[in-house]
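Novice: need the 3D shape of this:
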Amino acid sequence: MRYRGTARLDKRTKDLINRLGKDDIAIIDHVDMDRVSAEGLLDTGVEVVVNASPSISGMYPNVGPLLLARAGVQILDAVGPEVFERVREGDQVEVVGGDLLRDGSIVASGVRLTVSSIAEAMEVAKSGIGEQLDRFARNTLAFLEKEKVLLAEGVGVPQVRTPISGRHVLVVVRGYDYREDLETLKPYIREVRPVLIGVDGGADAIREAGFSPDIVVGDMDSVSDEMLTSGVEIVAHAYPDGRSPAKERLDRLGLDATSWAIGATSEDLALLLAYESGADLIVAVGTHANLMEYLDKGRKGMASTFLVRLKVGPKLVDAKGVSKLYRTSVGPADLVLLAGAAVLVVSVVITISPMARTMIGLVLLRLRAWIGI
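Specialist: Predicted coordinates for the structure are as follows:
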């Protein structure tokens, strides 16, 4: 089959998602596509994805490609990095079999992935989990020594203008099931009114859920310009040497931000900010805390997360998967029971109240007079 569309290219999948539409052909460069990126692509409605790199390399059984294939998305895989030189944004292109064509000429070729071929590749990749776990543990231990300062009192936490001390804080990361978990927590947010901290794009997720974030924390690489310019307080994550990946973008937008140089992930920074600022309780949504999630993020270790969670543990409630814990439902039997209870209450009131009986009698008389009986 032929698939025609407008080429949209970006080596960062999360950046491409923001400008991708149903009739486009997504051209990416994403080794071992993760679940969150796949879900983002599915949200755009795109039907064809061309990947310059292997969508599943065999390092570990990543589920992103399988999610796309099961949803009917066509994947042309491992076409090579040259595709970014041969195709430009906005070009009209076609995918025919294992080839990508522009103006009728082949510009790249790869492998068409199917559900069965992806499942087979994932099965093979499972055999490498032991090796990945060993590497992961070694890397984590190697960094524990130099990052143990995270456990010490006073890690240089910046002062923020948003009052945090004595309040609940909800930290939102765009990780697994963050939308569903955030939806489940809506009553909690409305009732308790916690401080809302979004980690990069987590700030946009808070707004999409119908709330206004108080603070956005991170590298500012996946949060929208609209959010950054909305007046939200900004804490920019910087490297230990003081360099901030967010500086150029914030300067371009003319925005001031508090910079925090620390050797940890942005979500670790958000948890530490809440803890060191005196939060009474910290609720985390979408955070990463296990091997598969960290491999999905491309991280080779989790020393900072391990230490941060040791420190904030007494105040931390991890809401990951809360949407799957319990789902309320109202069935027909419940509705019948409710209606029966209402009828019973009305009947009892009429029986025991003379005034109610008199009013019902008057209504009946008016009704008889109106219909002439």
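Novice: what are the boundaries of the strands in the stretch 51-200 of the chain?
Specialist: Using DSSP state E, counting those that start in this stretch, the strands of the stretch 51-200 of the chain run over residues 74-77, 92-96, 99-102, 105-109, 111-113, 168-172, 195-199.
Novice: quick one: closest of those to Arg135.
Specialist: strand 74-77 (24.9 Å; C-beta to C-beta). In this view, the C-beta of every residue, glycine as well, is placed from N, C-alpha and C.
Novice: the closest one - contacts with which helices or strands?
Specialist: strand 48-51, helix 64-70, strand 111-113 (3 or more C-beta pairs under 8 Å, 6 or more residues apart in numbering; DSSP states H and E).
Novice: in the shortest one, what counts as buried?
Specialist: Meaning strand 111-113. Buried residues in strand 111-113, counted by 16 or more other C-beta atoms under 10 Å: Leu113.
Novice: what's the closest of the helices and strands packed on strand 74-77 to Ser304?
Specialist: Among these, the nearest to Ser304 by C-beta to C-beta is helix 64-70 (24.5 Å).
Novice: just put the strands of the stretch 51-200 of the chain in CSV and tack on mean pLDDT.
Specialist: Conversion of these to CSV gives the following (pLDDT from 0 to 100):
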stretch, mean pLDDT
strand 74-77, 97
strand 92-96, 96
strand 99-102, 96
strand 105-109, 96
strand 111-113, 96
strand 168-172, 97
strand 195-199, 97
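Novice: now the ones you listed in TSV, with distance to Gly218?
Specialist: Shown next, in TSV, are the strands of the stretch 51-200 of the chain (distance: least, C-beta to C-beta, whole Å):
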stretch	distance to Gly218
strand 74-77	30
strand 92-96	34
strand 99-102	34
strand 105-109	34
strand 111-113	32
strand 168-172	11
strand 195-199	5
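Novice: surely Glu183 and Glu208 touch.
Specialist: No: counting by C-beta atoms under 8 Å, Glu183 stays clear of Glu208, with 10.2 Å between them.
Novice: looking at those two, which has the bigger crowd around it?
Specialist: Taking neighbours as other C-beta atoms under 10 Å, Glu183 and Glu208 compare with Glu183 leading, 13 against 10.
Novice: next up, the contacts around Arg19.
Specialist: Applying C-beta atoms under 8 Å, 6 or more residues apart in numbering, we find Arg19 in contact with Arg8.
Novice: now it: how far from Arg8?
Specialist: Arg19 is 6 Å from Arg8, where distance means C-beta to C-beta, to the nearest Å.
Novice: one more: Ala38?
Specialist: The gap separating Ala38 from Arg8 is 16 Å, by C-beta to C-beta.
Novice: burial of Phe84, as a residue count?
Specialist: Around Phe84 there are 16 residues (other C-beta under 10 Å).
Novice: whoops, Arg193 was the one
Specialist: Arg193: 12 neighbours (other C-beta under 10 Å).
Novice: residues near Arg190, how many?
Specialist: So Arg190, with other C-beta under 10 Å, has 10 neighbours.
Novice: break this protein into its domains for me.
Specialist: Domain assignment of the chain by automatic domain parsing yields the ranges 2-125, 153-325, 332-371.
Novice: can you put those domains in JSON lines and add distance to Arg138?
Specialist: Output for the domains of the chain, formatted as JSON lines (distance: least, C-beta to C-beta, whole Å):
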{"stretch": "domain 2-125", "distance to Arg138": "16"}
{"stretch": "domain 153-325", "distance to Arg138": "8"}
{"stretch": "domain 332-371", "distance to Arg138": "55"}
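Novice: pLDDT below threshold where in this structure?
Specialist: In the predicted model of the chain, residues 143-155, 289-291, 294, 296-303, 321, 323-373 satisfy pLDDT under 70.
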